[in-house]
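Student: Next input, structure requested:
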Amino acid sequence: MDRQRLSRLAHARHPVAAPLADESVARLLERATGHAEAGRMLDLGCGEGAWLVRALAARPRWRAVGVDLDADALTRARETATALGVVRRIGLHHVDAREFGSAEPFDLVLNVGATHAFGGLLPTLAAVRDQLAPGGRVLVGEAFWEREPSRAALEGLGADRDDYADLATTTDRLIAEGWTPVDGHVSSQQEWDAYEFSWTGTLAEWALDHPDDPGAASAREAADRHRAAWLHGYRGVLGFVTYLLRRG
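Tutor: Below you'll find the model as predicted:
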């Protein structure tokens, strides 16, 4: 089973494709859009458009653009936008986020859990800088080390020690690049556990319910492998922070 389909299945029952509870998503969106009655937002790596359609449903004068390489995810984003009555205010682009450009800047740019598309947090922030309108904000989510990772944690994640830093160092690095955190959220252990149980459980249950599907065995294997890596490796080691940033 290809990674895009596997990810869509695994995230089907979670609010967003990141370890954030429903109320955390709501608070961050409220803070990110501020008191502006109208505006433009861009999600680079939008997947099924969960952040965008939710924001548009609550803000009738905002417009949005979503960019992703997963065509099926964009189809689902369009279906959700249609069901919520916001499809006329969203544009969805099947293109590499690194290649996307717009003649008009955006008041809010999002990239939560998809900084890998640009090669990490700082390259992501460098790329979105030119997309921002004056005074614009960036909502970006990135992993960090809650504590020093063990070999089991690194092996489970398929990561190197230098892939991430601790929270203080991660924050210092973006400040050094000219960004100011104006709000943020560190995902709790409860949020992480709910996310991981949802990811592995939803995928495993899909495999149980579709035993004749050619991808059932690989989906179950992926769920079991992911669960073991989490519980025996990186649980309590890998953290996740979502920053709300402005320039200056």
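Student: can we go C-alpha only for contacts and neighbour counts from here?
Tutor: Will do.
Student: So which elements touch the helix or strand harbouring Thr171?
Tutor: Taking DSSP states H and E as the criterion, Thr171 maps to helix 167-176. On a contact count with 3 or more Cα pairs under 8 Å, 6 or more residues apart in numbering; DSSP states H and E, helix 167-176 meets strand 132-145.
Student: Now do the helix or strand that comes right after the strand it packs on: which elements does it pack against?
Tutor: Later in the chain than strand 132-145, the nearest helix or strand by DSSP H and E is helix 151-157. Contacts defined by 3+ Cα pairs under 8 Å, 6+ apart place helix 151-157 against helix 216-229.
Student: what packs against the helix it packs on?
Tutor: helix 151-157, helix 189-209.
Student: CA atoms only for the helix or strand that comes right after that helix, dumped as PDB, please.
Tutor: Going down the chain from helix 216-229, the next helix or strand is strand 238-247, by DSSP H and E. The C-alpha coordinates for strand 238-247 follow below in PDB (Å, rounded to 0.1, in the frame of the first residue of the first chain):
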ATOM      1  CA  LEU A 238       9.100  12.800  20.900                       C
ATOM      2  CA  GLY A 239       7.200  16.000  21.500                       C
ATOM      3  CA  PHE A 240       5.200  18.200  19.200                       C
ATOM      4  CA  VAL A 241       4.900  22.000  19.300                       C
ATOM      5  CA  THR A 242       2.600  24.200  17.200                       C
ATOM      6  CA  TYR A 243       3.900  27.800  17.000                       C
ATOM      7  CA  LEU A 244       2.000  30.900  15.900                       C
ATOM      8  CA  LEU A 245       4.600  33.200  14.500                       C
ATOM      9  CA  ARG A 246       5.100  36.700  13.100                       C
ATOM     10  CA  ARG A 247       8.100  38.300  11.500                       C
END
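Student: so what strands line up beside strand 238-247?
Tutor: strand 132-145 (antiparallel), strand 179-186 (antiparallel) (DSSP bridges).
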